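Engineer: build me a model:
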Amino acid sequence: IYSFFMHLPVYSVSIILSSLLPNINQEKEKELLVDIFSELVVTNSTYKYQICNKYLLSKEHTNKIQEFVLEVLQSTIKYDSGDIWTSSTKSMFELWSSPTFVKRSTITHHDYISRSMILSLENMDKPILENAFLSILISGVHSHLTSPLYAKKKWGMKIGEIFSKILSPEAPLEFEYYDEQSPEEEILTSSSNEENTDIIYKKRVYESSESEDPNELYNFNATEDTSSDSLISYDMSDDETDLGSVKLPTYIREAIVSLRSDDPDQIESTLLILDRLLMEEPGSIKEVAVTLANVLLHLSNQYEINNFNQNKRTAFVTLLTCAPRVVGSYLCEEFYAQENTLSQRLDILSVLQEGSRRLSSFQTQSKPEITEIKPAVQTLGKSRVWGSTPTLKSSSINKFNEYINLYFFSLANKIDISGVGSLDLLGEDSVVLGTLVHTLGVFIDCAGKRIENMPLSESLLKVVILLRYHSEVFVRRNLLTAVLYLFGNVPVEIFVNNFQNLVEEVRSWLLTVASSDPDDQSRELAHSCLLILSSNLKSTLQKGSKEDSSFIMNPIRTKLVYK
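Structural biologist: Numbering: from 1, shown residues only. Next up, the predicted model:
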């Protein structure tokens, strides 16, 4: 068998490997082929290139092939004293640790290399790790921890924990990581059906969970005994007996004092009831709103209180919805304040996003509008009196629209400022920049289809054009998400009649991203943006605006054609 593989023509080696490796099923076959290919890698340069480059570094393969390749490289130690294994493993570690690879690799390719790293580290001894790979791994973990993409950052945490256990089993590194989905991934998930693009922009209206009947959520088998007579009932209500020794604040001013205290129980109990307290005292909030917002913004979980971040954010969002102008203005100013940390700036953006969505779900009734006048007939005895009766139509007003200009322009007008204290938006703080761009898109999404949003739309398009060639994938994804919100909520007539050149410039960039961006999700987002724009233009033309439009969309070439 060895002789057969050894004398294969060079051009056929790749074909044979691509057909053979996926079909290795039995363990005996695997052991035999591992021994054969390990010797071939040492003695034949063609096999060495195929295994050490194509299958190890260049392309993604199945887990079965990946494990086979690593076993082959491990087995080469008995033929060349470990030279090939050391050099190939070092190449893989250097690739994974490269800042360029962290920034530009696709998620699937990065996952493949990271899994190979873990499989290699599991069979590595401490002396080998310290002598050959330690400095490479340290720089690689640092590059991953500073990445704005959480999927890559999490791999850095995992590999950091593994190699720290090899170096120091008694005191290894421990990171807290979890699975999460970014906003742009949520949009991609919701837009999997391209024909029904309206679902992308469905508002997140805050509805009471009391309207949901649990019996409608589950289909019980009628033959089963669903009687609860045999079940023991428990009192599950929270009587707050665990907080009996803590004096709960009655007023908002008392809550502020409690949050400033050094008693962790007092802080925890105050955060638990602060949301309810704010709802009960809406009239007295405005006087102390800024003070409370300052306390919540600088409040840290130094006592490791359970559900601290969730309770703090809930109270913060409620405070913003109770005093939108005062608190929103304060938060926008604090975002660019010199003394705040990056974590506090991200908290500000998170509160503004959630608070804006909640405000947009508060609908207030405006004065009735006269929409049309219909003829009316009144009967007076045997006579008929002809007249006209106005038809009254009441319209609802999105409460968030009262504050969108304050929120949007306070944040958008300072994006290009270079270096505000510790903040460097156009430099290393790309996580904050991407989140800020996404927040501006959320503002547009919450405002809905309003002609008054024309200056905001123009400003957001200019922000997108300013940052469209950003090197960080995280920023480009959020730019595309913001464009999705923009195209989905702003009437296409505004684009056609007011800033056609800006839209054409953004659309040209979208075509480039959709065809050549190395990131898969960026390409999908760009494709969705183009689909929404094309769909809106077609619907506008079908409604009779074809003669009024200054450009139309070619559905085949997806290109703006000027008349």
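Engineer: where do the strands sit along the protein?
Structural biologist: For the chain, the strands defined by DSSP state E occupy 363-365, 369-380, 383-393, 396-398, 551-554, 559-562.
Engineer: what ranges in this protein fall below the confidence cut-off?
Structural biologist: Scanning the chain for pLDDT under 70 picks out 178-245, 363-396, 417-422, 451-452, 543-563.
Engineer: mind giving me the packing neighbours of the longest helix along it?
Structural biologist: For the chain, the helix with the greatest residue count under DSSP state H is helix 520-540. On a contact count with 3 or more C-beta pairs under 8 Å, 6 or more residues apart in numbering; DSSP states H and E, helix 520-540 meets helix 107-122, helix 183-190, helix 473-489, helix 492-498, helix 500-516, strand 551-554. Glycine gets a C-beta too; all of them are placed from N, C-alpha and C.
Engineer: out of the ones you listed, deepest packed?
Structural biologist: Highest mean neighbour count of the helices and strands packed on helix 520-540: helix 473-489, a mean of 26 (counted as mean count of other C-beta atoms under 10 Å).
Engineer: that one to helix 107-122, inter-axis angle?
Structural biologist: If you take axes from the mean of the first three to the mean of the last three C-alpha atoms, to 10 degrees, helix 473-489 sits at 150 degrees to helix 107-122.
Engineer: what is helix 473-489 packed up against?
Structural biologist: helix 183-190, helix 430-447, helix 454-467, helix 500-516, helix 520-540.
Engineer: so what's the closest residue to Asp263 other than its chain neighbours up against?
Structural biologist: Once flanking residues are discounted, Asp263 sits nearest to Val246: 7.7 Å by C-beta to C-beta, 6 or more residues apart in numbering. Applying C-beta atoms under 8 Å, 6 or more residues apart in numbering to Val246 gives the contacts 263, 265-266, 269.
Engineer: so what's the residue count around the residue nearest to Ile16 when sequence neighbours are not counted?
Structural biologist: Excluding its sequence neighbours, the residue lying closest to Ile16 (C-beta to C-beta, 6+ apart) is Leu8, at 6.3 Å. With neighbours defined by other C-beta atoms under 10 Å, the count for Leu8 comes to 16.
Engineer: any chance of the backbone angles for Leu8?
Structural biologist: Taking degrees, to the nearest 10, you get phi -70, psi 150 for the backbone angles of Leu8.
Engineer: how far away is it from Asp35?
Structural biologist: Using C-beta to C-beta, to the nearest Å, Leu8 is found at 18 Å from Asp35.
Engineer: quick one: contacts for Ile267?
Structural biologist: Per C-beta under 8 Å, 6+ apart, neighbours of Ile267: 258-259, 261, 299, 303, 305.
Engineer: do Thr76 as well
Structural biologist: Counting by C-beta under 8 Å, 6+ apart, Thr76 has contacts 38-39, 41-42, 82, 84-85.
Engineer: which one of those is nearest Tyr407?
Structural biologist: Trp85 (57.2 Å; C-beta to C-beta).
Engineer: shouldn't that closest one be in contact with Glu71?
Structural biologist: No - applying C-beta atoms under 8 Å as the test, Trp85 and Glu71 come out as separate, 10.9 Å apart.
Engineer: more neighbours: which of those two?
Structural biologist: Trp85 (22 against 18).
Engineer: OK, contacts around that one?
Structural biologist: Residues in contact with Trp85 (C-beta under 8 Å, 6+ apart) are 73-74, 76-77.
Engineer: ranking by neighbours, what's the top pick from these?
Structural biologist: The contacts of Trp85, ranked by neighbours (other C-beta under 10 Å): first place Leu73, 27 neighbours.
Engineer: distance of it from Asp80?
Structural biologist: 11 Å.
Engineer: ok, back up a step: is it true that the residue nearest to Ile16 touches Ile15?
Structural biologist: No - using C-beta under 8 Å, Leu8 is not in contact with Ile15, being 9.4 Å away.
Engineer: can you tell me the closest non-neighbouring residue to Ser258?
Structural biologist: Closest to Ser258 by C-beta to C-beta, 6+ apart is Thr270, at 4.1 Å.
Engineer: same deal with Lys462?
Structural biologist: Leu502 (6.9 Å).
Engineer: and that neighbour, what does it touch?
Structural biologist: Contacts for Leu502 (C-beta under 8 Å, 6+ apart) come out as 458, 461-462, 465.
Engineer: write the PyMOL selection for whichever of these are buried.
Structural biologist: Filtering the contacts of Leu502 down to the buried ones (16 or more other C-beta atoms under 10 Å) takes a single PyMOL command:
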select buried, resi 458+461+462
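Engineer: just send the contacts of Leu502 back as a markdown table, with distance to Ala526 too.
Structural biologist: Putting the contacts of Leu502 into a markdown table (distance: C-beta to C-beta, whole Å) gives the following:
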| residue | distance to Ala526 |
| --- | --- |
| Glu458 | 21 |
| Leu461 | 15 |
| Lys462 | 19 |
| Ile465 | 15 |
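Engineer: ok, now how distant is the residue nearest to Lys462 from Ile465?
Structural biologist: Where Ile465 is concerned, Leu502 sits at a distance of 7 Å (C-beta to C-beta).
Engineer: fine, thanks again, bye for now.
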